[in-house]
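Undergrad: sequence first, then the predicted structure, then my questions.
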Amino acid sequence: MSASTIQSVRGRQILDSRGRPTVEAEVVLASGARATASAPAGASRGAAEAFELRDGDAAHFEGRGVRSAAANVSGEIGASLVGRDALAQSDVDRAMRDLDGTRQLSRLGGNAILAVSIAVARAGAAAIGVPLYRRLNALAGQPTPTLPMPMVNILSGGLHAARGMDVQDFLVIPVGATSYSQALDWACQIRSAAAQLCEEAGIATLLADEGGLSPGFARSTDALDLMVRAFEHAGLTPGDEAAIALDIAASSLVEEKGRYRFARAGESLTSEEMIERLEDWAQRYPIVSIEDGLHEEDWANWPALTRRLGRIQLVGDDLFATQPDRIARGVEAGAGNCALIKINQNGTLTGTLEALAAARAGGFSSVVSARSGETEDTVIADLAVGTAAGQIKIGSVRNTERLAKYNQLSRIEEDGLAFARWPRGR
């Protein structure tokens, strides 16, 4: 038995940032190294992502409990992993997928399997005495570890803010920043400026799931105008130092006959009209990235969106669901040019690394992303650095579950790594 042999695996139910249950796994190695990890949860979910197993018991957390998933960690999953080497990450992840036996990990739960996968990687890093990002770097084929450009949530709507605005997120990318710490500083200034401008205008703001402000504008252009004014109020030049990223979350806007319903604006758009709307915004505002501009199965129109707006970053979230085969399909079809990477969409670290590799092989950029329901787990910070993804989307600069990840990147910055300045090559 080696020091990195898995000795025990335990699961438990904890609470995420929305006060809803999620799974935490604890792995102990023969050396005594111990690591925990937890699974995040999304509000805007793609149909192709890994399955989130919940109990369905209305008397316990309104049916959202994960006691069965946690029991699977302590029981069936743990029994299959005891005696395996924590440093054989791909073997561990493959064993769990084979044990589950379903494409979307619906039998044992993608949330259960993911928590174990991360905990194994973290325990393995501890066993050999390296930071987690170095361990993930080795698993990814040793690209040069790089601090990512943050994409920071400022204003929120959609499913992240009780549909107070039609578009889900308005984010800043500090495109002129020359270091991670400077990018974070600028994002904080812009978030504060936006809050101050809303207060001065007498606009009440809801605090959204990811810490963004939700001023409840009926027109998306009002939110875009506020973003530009917040840049200027923070003393930054729109387009040169700070630019806008949008998360449309179009799958949540789809109504009958494939149209897109902007309920707050009182509009219903076809796919072609949606493309024209996004193109108009991109011409009028300093927008450099648009996520999920069309819905997850609108494959017929994604290539047209890419032809019209391919000069900027077009991110597939629900479209790709961190699945390598869907990313490869997007590359072949010319659908988008960037993949959002969410570890719980895939279900294992190994599968997530394969998704990142598929994006890189196809010439796509990548954005490692948190979910709206998060925990204090900082794995995505290490993942973005270790895989040299180049970009990270954590949420706003509010709430401990978000700040834990920003702070982890600040610690890693002390190692003297390079920073992925904008624009990220595609």
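TA: Looks like it came in fine. Numbering: from 1, shown residues only.
Undergrad: spatially central residue in this structure, please.
TA: Centroid-nearest residue in the chain: Ser369, 1.9 Å away (criterion: CA atoms, centre = their mean).
Undergrad: where does the residue nearest to it when sequence neighbours are not counted land in three-state SS?
TA: Sequence neighbours aside, Lys393 is the residue nearest to Ser369 in space, at 4.2 Å (criterion: CB to CB, 6 or more residues apart in numbering). From N, CA and C alone the C-beta is placed, and that goes for glycine too. Put simply, Lys393 is strand when judged by DSSP: H, G, I helix; E, B strand; the rest coil.
Undergrad: ok, Lys393 - contacts?
TA: Pro150, Met151, Asn153, Leu171, Leu340, Val367, Val368, Ser369, Ala370 (CB atoms under 8 Å, 6 or more residues apart in numbering).
Undergrad: any of the residues you listed buried? List them.
TA: Pro150, Met151, Asn153, Leu171, Leu340, Val367, Val368, Ser369, Ala370 (16 or more other CB atoms under 10 Å).
Undergrad: quick one, phi psi at the third one?
TA: Asn153 adopts backbone torsions of phi -70, psi 130, taken as degrees, to the nearest 10.
Undergrad: for it, give me its contacts.
TA: By CB under 8 Å, 6+ apart, the neighbours of Asn153 are Asp169, Phe170, Leu171, Ala208, Glu210, Gly211, Gly212, Lys393, Gly395, Ser396.
Undergrad: go with 10 Å
TA: 160, 168-172, 187, 191, 208-213, 245, 247, 370, 372, 393-398, 402 (CB atoms under 10 Å, 6 or more residues apart in numbering).
Undergrad: likewise for the first one?
TA: Pro150 is in contact with 171-174, 177, 180, 183-184, 186-187, 384, 391-394, 397, 405-406, 409, 420, counting by CB under 10 Å, 6+ apart.
Undergrad: low-scoring pLDDT stretches of the stretch 201-350 of the chain, where are they?
TA: Judged by pLDDT under 70, the stretch 201-350 of the chain has no weakly predicted residues.
Undergrad: quick one, helices of it?
TA: For the stretch 201-350 of the chain, the helices defined by DSSP state H, counting those that start in this stretch occupy 220-233, 271-284, 302-309, 324-333, 343-346, 349-361.
Undergrad: pick the most deeply packed of the ones you listed.
TA: A comparison of the helices of the stretch 201-350 of the chain by mean neighbour count, using mean count of other CB atoms under 10 Å, puts helix 343-346 on top with a mean of 28.
Undergrad: show me what it is packed up against.
TA: helix 110-128, helix 349-361, strand 365-369, helix 379-386 (3 or more CB pairs under 10 Å, 6 or more residues apart in numbering; DSSP states H and E).
Undergrad: hmm, 8 Å instead?
TA: helix 110-128, helix 349-361, helix 379-386 (3 or more CB pairs under 8 Å, 6 or more residues apart in numbering; DSSP states H and E).
Undergrad: the first one vs helix 379-386, what angle?
TA: For the pair helix 110-128 and helix 379-386, the angle between their directions (axes from the mean of the first three to the mean of the last three CA atoms, to 10 degrees) equals 60 degrees.
Undergrad: for helix 110-128, what is the average pLDDT?
TA: Taken as a whole, helix 110-128 has a mean pLDDT of 98.
Undergrad: could you check the angle helix 349-361 makes with that helix?
TA: Relative orientation of helix 110-128 versus helix 349-361 (the same axes, to 10 degrees): 90 degrees.
Undergrad: which SSE is immediately downstream of helix 110-128?
TA: Per DSSP states H and E, helix 110-128 leads on to helix 132-139 as the next helix or strand towards the C-terminus.
Undergrad: ok now that following helix, how far from the chain's centre?
TA: Helix 132-139 sits 19 Å away from the centroid of its parent chain (CA atoms, centre = their mean, to the nearest Å).
Undergrad: again with stretch 373-382
TA: 10 Å.
Undergrad: follow-up on the earlier one: in strands, which of the contacts of Pro150 appear?
TA: Leu171, Val172, Ile173, Gln391, Ile392, Lys393, Ile394 (DSSP state E).
Undergrad: wait, the last one sits on Arg371?
TA: No: proximity of Ile394 to Arg371 does not meet the contact threshold set by CB atoms under 8 Å, at 10.2 Å.
Undergrad: next, the buried residues of stretch 408-419.
TA: Within stretch 408-419, the residues scored as buried using 16+ other CB under 10 Å are Gln408, Leu409, Ile412, Glu413, Leu417, Phe419.
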